[in-house]
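Engineer: quick one: sequence plus predicted model below, questions after.
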Amino acid sequence: MFTVTLIAVPGALHPALVEALRNAWGGGAAQWLSPDEAAEFEMPEVPGNRWDVWADLQEQRVDLVVQPTKERRKRMLLADMDSTMIQQECIDELAEVAGVGAHVRAITARAMNGELDFEGALIERVALLRDLPETVIGEVLASRISYMPGGTALVATMQANGAYCALVSGGFTAFTASVAGHLGFDEHRANKLLAQNGRLLGDVARPILGRAAKVQALEEISARLGITEAEVIAVGDGANDLGMLGRAGAGVALHAKPSVAAECDIRINHGDLTALLYLQGYAKDEFAATA
């Protein structure tokens, strides 16, 4: 069996739309996970016009996902950080302080879209941060970083149901440590910015954590937990996330670059991070309480 899930911003998912699609596809009775926000129904097979319907629903700001019903609830969350768990790219925010924001943002956009080698692009951008005081990291965290809606509920709910949560970023440990702590992740991995005498050296420690290292994290952590990769839900937005998104049981392209979304069957363009809970069949009243 397959489950069809429809997700929109709160208040935007109309019952008539859900019923029309369910009837057109001959699906089972619709179950509402959150009134006017998320609903699902089962089907015996994947509809042949799935992507045509997906495109039509995108124009109505509704996300559509079709996935196997069996084992939807995952035992591990593997998440990217920049533009996924937070709304910014940390290196771009550091570059703004350094006075090279526009230049670095342009490189970041091309790297995340898969147009540039990730490691080379990272080295090039970090070099432009040379001589910035280390204290700027704390300043950026305090004044320029905001969290993607739904992140706290996602992590807390999955952990409350026995899942392990890991943050794996091509960014920097100085940021992942803070973000992981704030959101409650069990562990985090990222690149280490090198500094000396209180100033950034314009370089990162080797080896660089990029696309291959995210796949390695998926392999290592799932093996350590004694679970299969099929029991993992991964989420990201950039080209360096494609490896882990392709290997995980559920790989979610969240507000992703077009070239990245095109390679993923699960695409969330309108919902927030709670969409990952709806995809697993959690109803809103099952979300863990958060402060």
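Structural biologist: Received, thanks.
Engineer: just checking: what are the partner strands of the lengthiest strand in the chain?
Structural biologist: Counting by DSSP state E, the longest strand found in the chain is strand 164-172. Partners of strand 164-172 in the sheet, by DSSP bridges, are strand 76-79 (parallel), strand 187-191 (parallel).
Engineer: need the ones you listed in CSV with mean neighbour count, can you?
Structural biologist: All C-beta atoms are positioned from the backbone trio N, CA, C, and that covers glycine. Formatted as CSV, those follow (neighbours: other Cβ atoms under 10 Å):
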stretch, mean neighbour count
strand 76-79, 27
strand 187-191, 21
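Engineer: which of these sits closest to Ala253?
Structural biologist: Closest of the strands paired with strand 164-172 to Ala253 is strand 76-79, at 12.7 Å (criterion: Cβ to Cβ).
Engineer: and of the strands paired with strand 164-172, who's closest to Ala223?
Structural biologist: Nearest of the strands paired with strand 164-172 (Cβ to Cβ): strand 76-79, 11.1 Å.
Engineer: what about the closest one, average pLDDT?
Structural biologist: Mean pLDDT, strand 76-79: 98.
Engineer: got it, and stretch 261-269?
Structural biologist: Across stretch 261-269, the per-residue pLDDT values average to 97.
Engineer: residues contacting that stretch, please?
Structural biologist: Contacts to stretch 261-269, defined as Cβ atoms under 8 Å, 6 or more residues apart in numbering, come from residues 7, 54, 58, 63, 65-67, 242, 245-246, 250-256, 275-276, 279.
Engineer: which residues in the stretch 101-250 of the chain form strands?
Structural biologist: 164-172, 187-191, 193-196, 199-204, 232-236, 250-254 (DSSP state E, counting those that start in this stretch).
Engineer: list the pairing partners of the third one within its sheet, with orientation.
Structural biologist: Meaning strand 193-196. In the sheet, strand 193-196 lines up against strand 199-204 (antiparallel) (DSSP bridges).
Engineer: pLDDT of the partner strand, averaged?
Structural biologist: Here the average pLDDT along strand 199-204 is 96.
Engineer: same check, this time on stretch 34-54
Structural biologist: Mean predicted lDDT for stretch 34-54 stands at 97.
Engineer: flag every buried residue along that stretch.
Structural biologist: Ser34, Glu37, Ala38, Ala39, Glu40, Phe41, Met43, Pro47, Arg50, Val53, Trp54 (16 or more other Cβ atoms under 10 Å).
Engineer: so which strand or helix has the fifth one?
Structural biologist: Secondary-structure element containing Glu40, defined by DSSP states H and E: strand 38-43.
Engineer: report all helices and strands that that strand contacts.
Structural biologist: strand 2-8, helix 15-25, strand 31-34, helix 275-279 (3 or more Cβ pairs under 8 Å, 6 or more residues apart in numbering; DSSP states H and E).
Engineer: tell me the most buried of these?
Structural biologist: Of the helices and strands packed on strand 38-43, the one with the most neighbours on average (mean count of other Cβ atoms under 10 Å) is helix 275-279, at a mean of 26.
Engineer: what sits up against it?
Structural biologist: For helix 275-279, using Cβ under 8 Å, 6+ apart, the contacting residues are 5, 7, 33-34, 38, 40, 63, 65, 67, 72, 77, 150, 153-154, 157-158, 233, 235, 250, 252, 254, 266, 268, 271, 286-287.
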